[in-house]
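J.: Provided below are the primary sequence and the corresponding predicted coordinates.
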Amino acid sequence: MPDVVWAPQPGPQTALINCPIKEIFYGGARGGGKTDGMLGKNAIKGEQYGGDQHAIFFRRNLKQLEDAISRAHVIYGTMGLGWRWQEQKSTYTSPAGATLKFRYLDRDLDAINYQGHNYTDIYFEELPHFPQPRPYNMLRGALRSAAGVPTQIHGTGNPGGAGHNWIKERFIEPNPNGYQILTETLPNGEVEKRVFIPAKVGDNKILMANDPSYVNNLYQVGSDALVRAWLNGDWDVIEGAFFDCWTDKLSIEPFRIPDHWTRFRSFDWGSAAPFSCGWWAVASDDYIHEGQFIPRGALVRYRELYGAKAPNIGLKLDVEEVTDRILALEAPGEQFNYSVADPAIFAHDGGPSLAERMLPKVGKKGIAWIPADNKRTTTTGRAGGWDAMRGRIKGLEDEEGVRTPMLYAFNTCSDFFRTIPVLQHDPVRMEDLDTNGEDHVADETRYACMSRPWESRFHSSRKKEDRWDRKFAAKEREANSWKTL
């Protein structure tokens, strides 16, 4: 039709335009028409509701906004919709008074600047670039309409990025094929709905017609993992993972830990951020479990506790409550050789340290926390924690080049397997991981690995000797003396 300025393509883009669900995640692969879909939908709502419709479009930084603004200039300006662009305000206004602002959230806390604002529609482009859902959730408070315009919050994105994990958990895992309406019951009994609308390059018929070689470009972007992520929208592959040596061999079925194996805990503190506690056993001899070989000296994570808030309450837990939850998971009479913890809990700030506050309960079991070796990266003459952890994941290599890990976890340790494989490199210091990601279990695992330094000695039977660090043993003896205080 000659008077049609923009129309959605058949398939996912049309589903996006027609979808009435309040919370929508759209996309999953490159070239799926994500930007056009959001800008087009906003233009349609602006025409429908006029001056009662007010929208805002977010990216992580200013540079990333350029392409979206350029495309908006085409749809809203040169194609004939007649919206007026205000450069200084980075805002489009329709002839009827609808508005669309373009903004960026360089820091999560920048979302506070929009408290008190009113928007009928909020758009987050490339939502996985946001490591945590905090800014996304905070902006919900600005989603309202006194005029009765149906309010919606939209996100788009591809697999990967610092926020890959929370996006996958919220939108993808319940139904990877999409189009299923998911529900969440709020504390007041109200039910909120959300939906994932998958879109791939093949759904973008206009792009395929105008640039049929684009698919060939995607096949050449890099590793097989990146091709699968960008071309197929596969959320089970992680491109650019910090632990690129990750293997499914680390996951094992639970078994009864032999009584003579060394046991210890590792702990990373968090109140606003999640805390993480892991329980570990050290294989004192070669062990075969359901046909899987566990070498002498390997670490086995057999239990974990992870979280920041009290269940069903939403309140932050204090250190005494965290201690109670740790002890509640332990079997009567369960003994530990030592326990390592985030050095931050030993700091004094005008009162007893967190470690001292935990001591009355933890110390009753005869094991107090020891400050963990917190070295993250390797320097000349001294290995860092990430190298120690990576070395254990890679493990032993036999004459045929087959590797056997020196680090395992029961498959019941869901947060271990949920968070560590998706962690990304720090964009500035590539030898470190991006601390904006959900790295709490990784930190606590790093403490565990640094507490058990080991030296590789090749054996055809895939053994490694576990070498106890004498300096650390001295720290253990000193910590155990706390119980007499």
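T.: Perfect, thanks for sending it. Model, not experiment: these values are computed from the prediction. Numbering: from 1, shown residues only.

J.: in this protein, which helix or strand is least confident?
T.: The weakest-scoring helix or strand in the chain, judged by mean pLDDT, DSSP states H and E, is helix 470-480 (a mean of 46).

J.: residue ranges of the helices in the stretch 101-250 of the chain, please?
T.: All helices of the stretch 101-250 of the chain, identified by DSSP state H, counting those that start in this stretch, fall at 134-138, 164-167, 205-210, 214-219, 224-232.

J.: Please work out the average pLDDT along the last one.
T.: In other words, helix 224-232. For helix 224-232, the mean per-residue pLDDT is 63.

J.: Which strands or helices does the next helix-or-strand element following it pack on?
T.: Using DSSP states H and E, the helix or strand that follows helix 224-232 in sequence is strand 251-252. Contacts defined by 3 or more CB pairs under 8 Å, 6 or more residues apart in numbering; DSSP states H and E place strand 251-252 against strand 407-410. Heads up, the C-betas are built off the backbone N, CA and C, glycines and all.

J.: What strands line up against the strand it packs on, and which way round?
T.: Note on strand 407-410: by DSSP bridges, its sheet partners are strand 251-252 (parallel), strand 299-307 (parallel).

J.: Quick one, which of those gets closest to residue 156.
T.: In terms of CB to CB, the element of the strands paired with strand 407-410 nearest to residue 156 is strand 299-307, at 29.0 Å.

J.: Dump that closest one to CSV, keeping only the CA atoms.
T.: Provided in CSV are the C-alpha atoms of strand 299-307 (Å, rounded to 0.1, in the frame of the first residue of the first chain):
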residue,chain,number,x,y,z
LEU,A,299,38.9,-32.0,44.4
VAL,A,300,35.3,-33.1,44.5
ARG,A,301,32.6,-30.5,45.3
TYR,A,302,29.8,-32.4,47.0
ARG,A,303,27.6,-29.7,48.4
GLU,A,304,26.9,-26.0,47.9
LEU,A,305,24.9,-23.1,49.3
TYR,A,306,24.3,-20.0,47.3
GLY,A,307,22.2,-16.9,47.8
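
J.: residues of whichever strand or helix holds residue 417 that come out buried?
T.: Secondary structure assignment for residue 417, by DSSP H and E: helix 414-419. Judged by neighbour count (16 or more other CB atoms under 10 Å), helix 414-419 contains these buried residues: 415-419.

J.: Show me what the lengthiest helix in the chain packs onto, helices and strands only.
T.: The helix spanning the most residues in the chain, taking DSSP state H as the definition, is helix 34-49. Packing partners of helix 34-49 (3+ CB pairs under 8 Å, 6+ apart): helix 12-18, strand 23-28, strand 54-59, helix 65-72, strand 121-124, strand 152-157.

J.: okay if I get those as TSV plus mean pLDDT, distance to residue 351 and mean neighbour count?
T.: Shown next, in TSV, are these (pLDDT from 0 to 100; distance: least, CB to CB, whole Å; neighbours: other CB atoms under 10 Å):
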stretch	mean pLDDT	distance to residue 351	mean neighbour count
helix 12-18	93	54	19
strand 23-28	91	43	25
strand 54-59	96	41	24
helix 65-72	92	46	16
strand 121-124	97	41	25
strand 152-157	95	42	24
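
J.: Can you say which of those is nearest to residue 189?
T.: Closest to residue 189 of those is strand 23-28 (CB to CB; 18.2 Å).

J.: before we move on, what SS does residue 8 have?
T.: Three-state call for residue 8 (DSSP: H, G, I helix; E, B strand; the rest coil): coil.

J.: Just give the number of residues close to it.
T.: 18 (other CB atoms under 10 Å).

J.: List phi and psi for it.
T.: Residue 8 adopts backbone torsions of phi -70, psi 150, taken as degrees, to the nearest 10.

J.: swap in residue 388?
T.: Torsion angles, degrees, to the nearest 10, at residue 388: phi -60, psi -40.

J.: How many neighbouring residues does the nearest residue to it once chain neighbours are set aside have?
T.: Nearest residue to residue 388 in three dimensions, chain neighbours excluded: residue 449, at 4.3 Å (CB to CB, 6 or more residues apart in numbering). Residue 449 has 26 neighbours, counted by other CB under 10 Å.

J.: For residue 293, see how far away residue 449 is.
T.: Applying CB to CB, to the nearest Å, the value for residue 449 to residue 293 is 20 Å.

J.: same deal with residue 339?
T.: 28 Å.

J.: The two: which has the busier surroundings?
T.: Remark: of residue 339 and residue 293, residue 339 carries more neighbours, 26 against 15, as counted by other CB under 10 Å.

J.: what comes up buried for the helix or strand the more buried one falls within?
T.: Using DSSP H and E, residue 339 falls within strand 338-341. Neighbour counts over strand 338-341 (16+ other CB under 10 Å) mark 338-341 as buried.

J.: circling back: columns distance to residue 378 on top of the helices and strands packed on helix 34-49, output as JSON lines?
T.: Formatted as JSON lines, the helices and strands packed on helix 34-49 follow (distance: least, CB to CB, whole Å):
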{"stretch": "helix 12-18", "distance to residue 378": "46"}
{"stretch": "strand 23-28", "distance to residue 378": "37"}
{"stretch": "strand 54-59", "distance to residue 378": "35"}
{"stretch": "helix 65-72", "distance to residue 378": "38"}
{"stretch": "strand 121-124", "distance to residue 378": "37"}
{"stretch": "strand 152-157", "distance to residue 378": "33"}
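
J.: Give me the pLDDT value at the closest residue to residue 353 other than its chain neighbours.
T.: Ranked by CB to CB, 6+ apart and with sequence neighbours excluded, the top spatial neighbour of residue 353 is residue 346, at 5.2 Å. We have a pLDDT of 90 for residue 346.
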